[in-house]
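**Student:** sequence and computational prediction follow.
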Amino acid sequence: MTRPFRVAVVGAGPAGIYAGNILRTRAADAGIDARIDLFESLPAPYGLIRYGVAPDHPRIKGIVTSLHEMLAEGSVRLIGNVEVGADITVDELQSLYHAVIFAMGAQRDAVVDIPGLDLPGSFGAADFVSWYDGHPDVPRHWPLDAKRIAVLGNGNVALDVARVLAKHPADLLSTDIPENVYEGLASSPVEDVHVFGRRGPEDIKFTPIELRELGEVAGVDIELYHDDFDRPGADAETGERRAAGNQAKVLARILQSWRERGSTGAPRRLHLHFWHKPVALLGEEAVTGIRFERTEPDGRGGIRGTGEFLDYDVQAVYRAIGYRGTPVRDVPFDDAVGVIPNDGGRVLDGGGPVLGLYTTGWIKRGPVGLSGHTLGDAGETTEKLLEDHETLADAVRPGEEAVLDFLESRGVRYTTWEGWLALDAHERALGDGFPGDVVRERVKVVARDEQVAISHREVIVR
Ligand SMILES: Cc1cc2nc3c(=O)[nH]c(=O)nc-3n(C[C@H](O)[C@H](O)[C@H](O)COP(=O)(O)OP(=O)(O)OC[C@H]3O[C@@H](n4cnc5c(N)ncnc54)[C@H](O)[C@@H]3O)c2cc1C
């Protein structure tokens with residue numbers, strides 16, 4: 001083995017964990033003694049798997065099991081509650097490591113320009129998702145006082161948001177939702193949730209499992225509108241695509257079955273609308289409605305407005321139109337796309353690759369795709385890093401303890417893998433001790449200070 005090759009990975013979501021794990025294995029195969037530190041701004045690991053995936057998707061949260069096993073091996077060291085760019089700069093990291101891999105994902109809502117977006121009652125899906133998943137950096141209280149709600153978007157995040165809003169809260173009690181979230185949802189008077197897509201039913205980006213489960217939500221009827229399906233020209237344009245894809249056929253069958261099923265008189269309703277382009281949020285002091293222009297195919301694969309406008313009486317609007325990456329100080333950033341510019345994972349500035357800086361996951365290629373897709377990103381990025389390995393400058397401050405000494409000198413209360421195990425055990429114990437007959441695997445701790453204190457064993461596990 002050669003001298004230790006020290007690498008910092010920034011972001012303990014799937015992309016960062018996969019990158020650390022693959023790098024360690026490939027480096028060992030090449031006779032390189034890689035020492036990898038995984039920095040995470042939150043006290044707990046797993047990124048959007050903990051703070052994005054909906055609480056009623058425990059099957060998907062099973063991904064955590066495999067991520068957990070990778071970190072439990074101990075070959076990647078977790079350093080949590082450290083925000084790179086704030087608690088430690090990228091220059092400082094470079095003085096401690098041969099290379100840095102950025103895997104910060106995408107944390108914010110994509111920007112969209114619709115008049116009225118600043119009105120109270122207008123929300124981004126990313127914020128709402130963070131709230132119901134117990135993210136420590138969003139307010140504990142969420143204003144759930146609307147009877148009629150619009151959700152904009154035709155992807156899985158729109159489905160998650162609409163489902164959580166429409167679901168009867170008792171059906172979420174067996175999940176890991178924090179108590180403030182359960183109480184918030186329990187107080188909601190919602191009756192109608194309307195999901196709007198700009199394009200047609202053949203263009204939805206939902207995946208079949210997620211769409212099907214919408215129709216299985218207890219006490220909620222699905223409402224579809226016939227004139228969304230019989231738009232002139234729509235069928236001819238989309239027919240070819242529909243015939244081409246099995247997934248599209250399954251989605252079409254699900255929608256068709258709902259059209260035939262009709263209403264059961266359930267107390268809540270989830271409406272799916274198509275060919276609706278949002279034009280403006282209405283209201284003076286707060287959202288009181290939303291205006292759409294009806295759309296139709298433009299004959300070239302796009303859509304165009306028809307000049308027909310429709311207003312819906314809603315008191316809240318949620319935008320689920322995509323996520324966006326956030327820049328980190330001193331790291332090149334493509335503001336138009338919201339990613340770190342890169343060539344196969346090597347970070348680029350105007351003049352070519354920046355030696356020693358790499359990127360992977362959603363911040364590398366944009367916020368599209370499931371967690372499994374970040375495995376491919378990590379494979380490509382670690383390959384490039386190992387190709388460059390010989391050329392990378394030695395760290396000025398090498399040694400396992402140097403970074404911990406540095407953080408302590410700055411008063412940063414970092415968390416560790418052992419700390420996460422303590423927090424994990426605490427949350428599971430809260431689930432076990434939950435009163436009543438409901439079986440809960442865990443109850444999430446929300447507040448950052450509390451998470452850090454439990455990780456440092458300053459709070460006794462119940
Ligand atoms: C609402 C929603 C639902 C989803 N549902 C599913 C699903 O059901 N199944 C599925 O497979 N995929 C799902 N996905 C997709 C999946 O979450 C992503 O593919 C995956 O999380 C992307 O991984 P990542 O590591 O690139 O980013 P992230 O998971 O976002 O991880 C990035 C990490 O970096 C940290 N970080 C950011 N900035 C800094 C900094 N400056 N310093 C230190 N750390 C930092 C963040 O705190 C975060 O932990 C969903 C996504 C969303 C948004």
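**Tutor:** Here it is on my side, so go on.
**Student:** only C-alpha atoms from now on, for both contacts and neighbour counts.
**Tutor:** Will do.
**Student:** flag every residue of the stretch 151-300 of the chain that's near the ligand.
**Tutor:** Residues of the stretch 151-300 of the chain lying close to the ligand (C-alpha under 6 Å from any ligand atom) are residue 157.
**Student:** where does the stretch 151-300 of the chain get nearest to the ligand, which residue?
**Tutor:** Residue nearest to the ligand within the stretch 151-300 of the chain: residue 157 (4.8 Å; C-alpha to the nearest ligand atom).
**Student:** count of residues packed around that residue?
**Tutor:** Using other C-alpha atoms under 10 Å, residue 157 has 25 neighbouring residues.
**Student:** residues contacting it?
**Tutor:** 125, 320 (C-alpha atoms under 8 Å, 6 or more residues apart in numbering).
**Student:** apply 7 Å and report the result again.
**Tutor:** residue 320 (C-alpha atoms under 7 Å, 6 or more residues apart in numbering).
**Student:** all the helices of the stretch 351-462 of the chain, in order from the start?
**Tutor:** Taking DSSP state H, counting those that start in this stretch, the helices of the stretch 351-462 of the chain run over residues 362-365, 373-388, 402-409, 417-432, 448-455.
**Student:** and the angle for the fourth one with helix 448-455?
**Tutor:** Relative orientation of helix 417-432 and helix 448-455, computed by axes from the mean of the first three to the mean of the last three C-alpha atoms, to 10 degrees: 100 degrees.
**Student:** would you put the C-alpha positions of helix 417-432 in CSV?
**Tutor:** Once non-C-alpha atoms are left out, helix 417-432 reads as follows in CSV (Å, rounded to 0.1, in the frame of the first residue of the first chain):
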residue,chain,number,x,y,z
TRP,A,417,-21.5,7.3,13.1
GLU,A,418,-21.7,6.2,16.8
GLY,A,419,-23.8,9.3,17.4
TRP,A,420,-26.2,8.4,14.6
LEU,A,421,-26.5,4.9,16.1
ALA,A,422,-27.6,6.5,19.4
LEU,A,423,-30.1,8.8,17.6
ASP,A,424,-31.4,5.9,15.5
ALA,A,425,-31.9,3.8,18.7
HIS,A,426,-33.6,6.8,20.4
GLU,A,427,-36.1,7.3,17.5
ARG,A,428,-36.9,3.5,17.5
ALA,A,429,-37.4,3.6,21.2
LEU,A,430,-39.9,6.5,20.8
GLY,A,431,-41.7,4.3,18.3
ASP,A,432,-41.8,1.3,20.6
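**Student:** residues in contact with it?
**Tutor:** Contact partners of helix 417-432, identified using C-alpha under 7 Å, 6+ apart, comprise 44, 78, 440-445, 451, 454-456, 461-462.
**Student:** quick check: residue 181 touching residue 129?
**Tutor:** No - using C-alpha atoms under 7 Å, residue 181 is not in contact with residue 129, being 10.8 Å away.
**Student:** still on that earlier bit, so the residue of the stretch 151-300 of the chain closest to the ligand: helix, strand or coil?
**Tutor:** Using DSSP: H, G, I helix; E, B strand; the rest coil, the structure places residue 157 in helix.
**Student:** any idea how far residue 375 lies from residue 322?
**Tutor:** Separation of residue 375 from residue 322 (C-alpha to C-alpha, to the nearest Å) stands at 21 Å.
**Student:** my bad, residue 41
**Tutor:** In this view, residue 41 and residue 322 are 22 Å apart by C-alpha to C-alpha.
**Student:** again, but for residue 254
**Tutor:** For residue 254 relative to residue 322 (C-alpha to C-alpha), the value is 24 Å.
**Student:** who has more neighbours, the two?
**Tutor:** For residue 254 versus residue 322, neighbours defined as other C-alpha under 10 Å are more numerous around residue 322 (21 against 15).
**Student:** name the nearest residue to the more buried one, ignoring sequence neighbours.
**Tutor:** By the measure of C-alpha to C-alpha, 6 or more residues apart in numbering, the closest residue to residue 322 outside its immediate chain neighbours is residue 110, 5.3 Å from it.
**Student:** neighbours of residue 299, how many?
**Tutor:** Residue 299: 12 surrounding residues under other C-alpha under 10 Å.
**Student:** okay, it and residue 277: tell me how far apart.
**Tutor:** 17 Å.
**Student:** what's the answer for residue 99, then?
**Tutor:** The gap separating residue 99 from residue 277 is 45 Å, by C-alpha to C-alpha.
**Student:** where along the stretch 251-400 of the chain do the strands fall?
**Tutor:** Per DSSP state E, counting those that start in this stretch, the stretch 251-400 of the chain carries strands over the ranges 268-273, 276-282, 289-297, 303-312, 316-319, 323-324, 342-343, 346-349, 352-359.
**Student:** and the last one, what does it pack onto?
**Tutor:** Right, the one you point to is strand 352-359. The contact analysis (3 or more C-alpha pairs under 7 Å, 6 or more residues apart in numbering; DSSP states H and E) places strand 352-359 against strand 99-102, strand 346-349.
**Student:** what about 10 Å?
**Tutor:** Packing partners of strand 352-359 (3 or more C-alpha pairs under 10 Å, 6 or more residues apart in numbering; DSSP states H and E): strand 5-10, helix 14-29, helix 90-96, strand 99-102, strand 342-343, strand 346-349, helix 373-388.
**Student:** cool, the longest one as well?
**Tutor:** On a contact count with 3+ C-alpha pairs under 10 Å, 6+ apart, strand 303-312 meets strand 148-152, strand 276-282, strand 289-297.
**Student:** between it and strand 148-152, how many degrees?
**Tutor:** Following the same axes, to 10 degrees, one obtains 170 degrees for the angle between strand 303-312 and strand 148-152.
**Student:** only the C-alpha atoms, please, for strand 303-312, written as PDB.
**Tutor:** Extracted in PDB, the C-alpha atoms of strand 303-312 (Å, rounded to 0.1, in the frame of the first residue of the first chain):
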ATOM      1  CA  ILE A 303     -48.100  22.500 -26.100                       C
ATOM      2  CA  ARG A 304     -49.700  25.800 -26.800                       C
ATOM      3  CA  GLY A 305     -52.400  27.900 -25.000                       C
ATOM      4  CA  THR A 306     -55.900  27.700 -26.400                       C
ATOM      5  CA  GLY A 307     -57.000  31.200 -25.100                       C
ATOM      6  CA  GLU A 308     -59.500  29.500 -22.800                       C
ATOM      7  CA  PHE A 309     -59.100  30.500 -19.100                       C
ATOM      8  CA  LEU A 310     -60.400  28.700 -16.100                       C
ATOM      9  CA  ASP A 311     -60.400  29.800 -12.400                       C
ATOM     10  CA  TYR A 312     -60.400  27.400  -9.500                       C
END
